[in-house]
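# please work out how this folds:
(one chain, ligands or ions: 1)
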Amino acid sequence: MSELRITGISVDLVRWPLKMTRRHGVGDIEGSMPGAIVKISTNAGIVGWGEASPWSVFTGTAEANASAIHLYMRPLVVGADPLKVSTLMRQIEKTIVGHPEGKAAVEMALLDIVGKHLGLPVAQLLGGYYRSEVPLSVSIANPDFEEDCNLAKALVADGVNIFKVKTGFSTHKEDLRRLEWLRANLPATVDLRVDYNQGLDPWDAIRHLKDVEAFRPTFIEQPVKREQRAAMAAITKAIDTPIMADESVFTPTEAIDMVRGEIAAIAEAAGITAYGGTMFEGGLAIAAGLHMVAATPNISLGAEFYTSTFVMEVEVLKTPIVIDNGSTRVPTGAGLGVEVDEDNIRRISTAHFE
Ligand SMILES: [Mg+2]
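Residues are numbered from 1 along each chain as shown. Here you go, the predicted model:
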């Protein structure tokens, strides 16, 4: 038992202004995006930070997560020992159903405190640095495709080698036209991936995906609705390209369900390869993701950790996440290894609870 105690937890409901418009199978993003930022204070003066990045069409809402943190999680953690992360998270889990993004934000802030208290980066708490940088994957999701073409060319010149094309929000013909352009105009070594964000109907999905395979995507992500598991399994069997589950797997229980559907996947369970996707996340959430990917060997397909740099108009970190030569660099300081600019949080805050 340590002498360390949590003295307060505040949450800011924020609205991130965005530099880019994004179009995905499940919904569009334009102008701004809600989120929540959590600050946990301790009697030792150590402060931990976390971020929740839900998207209403995808998961829950920022408002519900901020309320859940303030009304249900705060009373459980104030006065508690922040080093007992799993005990606290278990209590939170028992007290309130759902709101996984809010729970992740609190856990992130607790790990930030533990790391700062012990003088260790979070990646070290999670098992150590298996990698120190993570290959960057940038999504091609601008409704103005010409703009994305220019961006992709500029990024290739900067060393970015992975692009994920968002498909299924327009016509199949348009998806093929965009893939054709990217294959014809980017270097042959570029690693292209495709993400339907649930945009296909099972009845003609296989036919569409066979056309898409001609462009040699490394994987095809979430072609059909999250609950259409049988269709996901049938597509995986019918298509040579690996099929990636995204929206189908939010929890460990859903991951087990998904694996059960595939005998081959069970055989490979020990080595299932994963990829670091994002929501519309600011620097805190990206930093937490970097620590997790750094310490998890099988998340080996890179990660799209660019939103705080390319998409969010306001930076909440004093030193932004470093993107260099096509990779994001994992912070090395204690805790999440980032310093927060509280003035900038106030700039985007729409409500503050403590
Ligand atoms: Mg996805």
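
# end to end, how far does stretch 191-199 reach?
End-to-end distance for stretch 191-199, by Cα to Cα, to the nearest Å: 22 Å.

# off-centre distance for that stretch?
15 Å (Cα atoms, centre = their mean, to the nearest Å).

# residues of the chain that sit close to the ion?
Asp195, Glu221, Asp246, Gly277 (Cβ under 5 Å from the ion). Every C-beta, even on glycine, is put in place using the N, C-alpha and C of the backbone.

# next, name the residue at the spatial heart of the chain.
Thr278 (2.3 Å; Cα atoms, centre = their mean).

# closest to the ion among the residues of the chain next to the ion?
Asp246 (3.6 Å; Cβ to the ion).

# could you measure from the closest one over to Ala141?
14 Å (Cβ to Cβ, to the nearest Å).

# now do stretch 27-38, average pLDDT.
Stretch 27-38 shows a mean pLDDT of 88 in the predicted model.

# then stretch 60-70?
96.

# gap between that stretch and the chain center?
That offset, for stretch 60-70, works out to 18 Å (Cα atoms, centre = their mean).

# and for stretch 222-239?
Using Cα atoms, centre = their mean, the offset of stretch 222-239 from its chain centre is 22 Å.

# quick check: end-to-end length of it?
13 Å.

# quick one, helices of this structure?
Here the chain has its helices, by DSSP state H, at 62-68, 74-77, 85-95, 100-118, 122-125, 145-157, 172-185, 202-213, 229-238, 252-260, 263-267, 283-294, 342-348.

# on that earlier part again, higher neighbour count, Asp246 and Ala141?
Shown here are Asp246 and Ala141; by other Cβ atoms under 10 Å, Ala141 has more neighbours (23 against 16).

# give me every residue that touches the spatially closest residue to the more buried one that is not a sequence neighbour.
Closest residue to Ala141 apart from its sequence neighbours, by Cβ to Cβ, 6 or more residues apart in numbering: Lys166 at 4.0 Å. By Cβ atoms under 8 Å, 6 or more residues apart in numbering, Lys166 lies in contact with Arg22, Arg23, His24, Gly25, Ser139, Ile140, Ala141, Asp195, Tyr196, Asn197.

# for those residues, name the two members farthest from one another.
Greatest spacing in the contacts of Lys166, by Cβ to Cβ: Arg22 and Tyr196 (14.7 Å).

# for those two, indicate the residue with more neighbours.
Tyr196 (26 against 19).

# tell me the contacts of the more buried one?
Gly25, Lys166, Thr167, Gly168, Ile220, Glu221, Gln222, Pro223, Val224.

# one more time with 10 Å, if that's ok
The contact partners of Tyr196, by Cβ atoms under 10 Å, 6 or more residues apart in numbering, come to 24-26, 165-169, 175, 205, 208-209, 212, 220-224, 246-247.

# among these, name the ones in strands.
Taking DSSP state E, the ones among the contacts of Tyr196 that sit in strands are His24, Val165, Lys166, Ile220, Glu221.

# and of those, the nearest to the ion?
Glu221 (4.9 Å).

# was I right to think the closest one contacts Asp195?
Yes: under the contact definition of Cβ atoms under 10 Å, Glu221 touches Asp195, with a separation of 3.9 Å.

# now for the two: what residues contact both?
Both Glu221 and Asp195 are in contact with Gly25, Lys164, Lys166, Thr167, Met244, Asp246, Tyr275, Gly277, where contact means Cβ under 10 Å, 6+ apart.

# so which of those wins on neighbours?
Most surrounded of the shared contacts of Glu221 and Asp195: other Cβ under 10 Å gives Thr167, at 29 neighbours.

# ok, it - contacts?
Thr167 touches 24-25, 140-141, 174-176, 178-179, 194-197, 199-200, 208-209, 212, 217, 220-221, 223, counting by Cβ under 10 Å, 6+ apart.

# one step back: which residues are common contacts for Asp246 and Ala141?
Contacts common to Asp246 and Ala141, judged by Cβ under 10 Å, 6+ apart, are Asp195, Asn197.

# compare Glu221 and Asp195 (neighbour count), which wins?
Between Glu221 and Asp195, counted using other Cβ under 10 Å, the more crowded position is Asp195 (28 against 23).

# greatest separation within the ones in strands among the contacts of Tyr196: which pair is it?
Between all members of those, the farthest pair (by Cβ to Cβ) comes out as His24 and Ile220, at 14.7 Å.

# these two: which has the busier surroundings?
Neighbours per residue, other Cβ under 10 Å: of His24 and Ile220, the larger number sits with Ile220, 24 against 21.

# and the closest residue to the more buried one other than its chain neighbours, how many neighbours?
Closest residue to Ile220 apart from its sequence neighbours, by Cβ to Cβ, 6+ apart: Val194 at 4.8 Å. Using other Cβ under 10 Å, Val194 is surrounded by 27 other residues.

# partners of Val194 in the sheet?
Counting by DSSP bridges, Val194 forms beta bridges with Val165, Ile220.

# distance of it relative to Ser137?
12 Å.

# overlap in contacts, those two.
Phe163, Lys164, Thr218.

# isn't the last one up against Arg193?
Yes: under the criterion of Cβ under 10 Å, Thr218 lies in contact with Arg193, with a separation of 5.1 Å.

# can I see the domain layout of the chain?
Following automatic domain parsing, one gets these domains for the chain: 6-119+340-353, 133-329.
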